[in-house]
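J.: Give me a 3D structure for the following:
(chains A and B)
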Amino acid sequence: MDNTMPIPTWKFIPKGDTEESTTEKEEWCWIADYTDGTSLKQFDDEGYFHYFSEIDQSRLYTFRMVHEQLPQVVVAFRPGFKLIHFHKVTVRTASEKAPELRVRVPCFGYEGIGENKTDIIKVILAIMPDGSIIVLDDANKLTFNMEG
Amino acid sequence: MTAATTDLYETNGATVVTGGLSNVNMGSNDSYNIVTATYPIVAGTNSFEKWHRIGCSAKGTSTSLNNWKVWLSSGAITANVSFKTNLREAGYEGAQTYNTPSATDRSATYKYSQTFPTSTPTLTNLGYGGTAGAAMDISSGLTKYTDYIVSQLQTTAGANQGLTGGVITYQYDETS
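T.: Model prediction:
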């Protein structure tokens, strides 16, 4: 008898496709909390995956990144700004000394024009593989030691 | 979210494309996974060019990839050796059209006059569709590839070892 638990999956229709597919949950998932008290979860309680583009930023209050074992990371959204979320993926290719190494870092935050109507304000939080959080004004400033 | 599936692909010969590479060694032969002891580069000559691309073969829950960066994360470039490439953060010269790899210096034709970067570039240094850093829509039509990364190891008579332990690392931003 197989006693292993099935890995839970969430349904979605991939962009560009017409047929439903399934996906496993991400280690770090987002939750968009709206000003009316409702929320949109990337992996919702009804078993569906949601794209980032489904977030209604016009009524966004907070954007949270949640993890099953670690404290959540919360960004208070600034109305009128643009919400940002992506993964910075770094791949060290295989060599004679080491196998391929792949690192995916969730990055999220917001950007927009400041109150002086001139300055561009950009805040990016990067959640590193060890759970530490780096706050940046430009995700291009993230550097990785991929020696191996 | 299921991550998009990407890999570094090498093109050899007429147009044989290979992924799942076990190394990116340069040598005196147009082939992938080169054993350098079998195909050493004679001092004063060049390696065969490498024509690599980053390819996306499955999208998962992602919709686009952009902000391409490529660099040499390990490996020492020794004296009398130059490691040339078309990767560049400023003045990117567009997509290069594949031609069977050669040991001749064709850097003027295929724009690989730059030194291969040895640390994480600050800005994108590779293009998609001829434009540096451009977004690759991965919602359909996979496998899709970036522009070619053309590179060549060039040596002078005093060289006694080329590039030891060279490892290429690539990076991109993935959006869902």
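J.: For chain B, which element, helix or strand, carries the lowest mean pLDDT?
T.: strand B:163-175 (a mean of 89; mean pLDDT, DSSP states H and E).
J.: is it true that A:R92 touches B:T169?
T.: Yes. Counting by CB atoms under 8 Å, A:R92 does reach B:T169; the two are 4.5 Å apart. In this view, the C-beta of every residue, glycine as well, is placed from N, C-alpha and C.
J.: Sort out which residues of the least confident helix or strand of chain B are buried, please.
T.: Using 16 or more other CB atoms under 10 Å in any protein chain shown as the test for burial, strand B:163-175 gives B:163, B:165-175.
J.: any weak-confidence spans in the chain?
T.: Since no chain was named, I'll use chain A. Filtered on pLDDT under 70, chain A yields the residue ranges A:1-2, A:148.
J.: if you could check chain B rather than the one you did, that'd help
T.: Ranges of chain B meeting pLDDT under 70: B:1, B:161-164.
J.: Over in it, which residue gets nearest chain A? Let me know.
T.: B:S139 (3.2 Å; CB to the nearest CB).
J.: Okay, and that residue sits in which element?
T.: Taking DSSP states H and E as the definition, one finds B:S139 inside no helix or strand.
J.: That one and A:A76, how far apart?
T.: Per CB to CB, to the nearest Å, B:S139 is found 32 Å from A:A76.
J.: circling back: anything in contact with each of A:R92 and B:T169?
T.: Common contacts of A:R92 and B:T169 (CB atoms under 8 Å, 6 or more residues apart in numbering or on different chains): A:146, B:73.
J.: What number of residues are in the vicinity of the residue of chain A found nearest chain B?
T.: Nearest residue of chain A to chain B, counting by CB to the nearest CB: A:G16, 3.2 Å away. Close neighbours of A:G16, defined as other CB atoms under 10 Å in any protein chain shown, add up to 13.
J.: Leaving out the residues flanking it, which one is nearest to the spatially most central residue of chain B?
T.: Relative to the mean C-alpha position of chain B, the nearest C-alpha, by CA atoms, centre = their mean, is the one of B:I149, at 3.5 Å. Nearest residue to B:I149, sequence neighbours excluded (CB to CB, 6 or more residues apart in numbering or on different chains): B:H52, at 4.4 Å.
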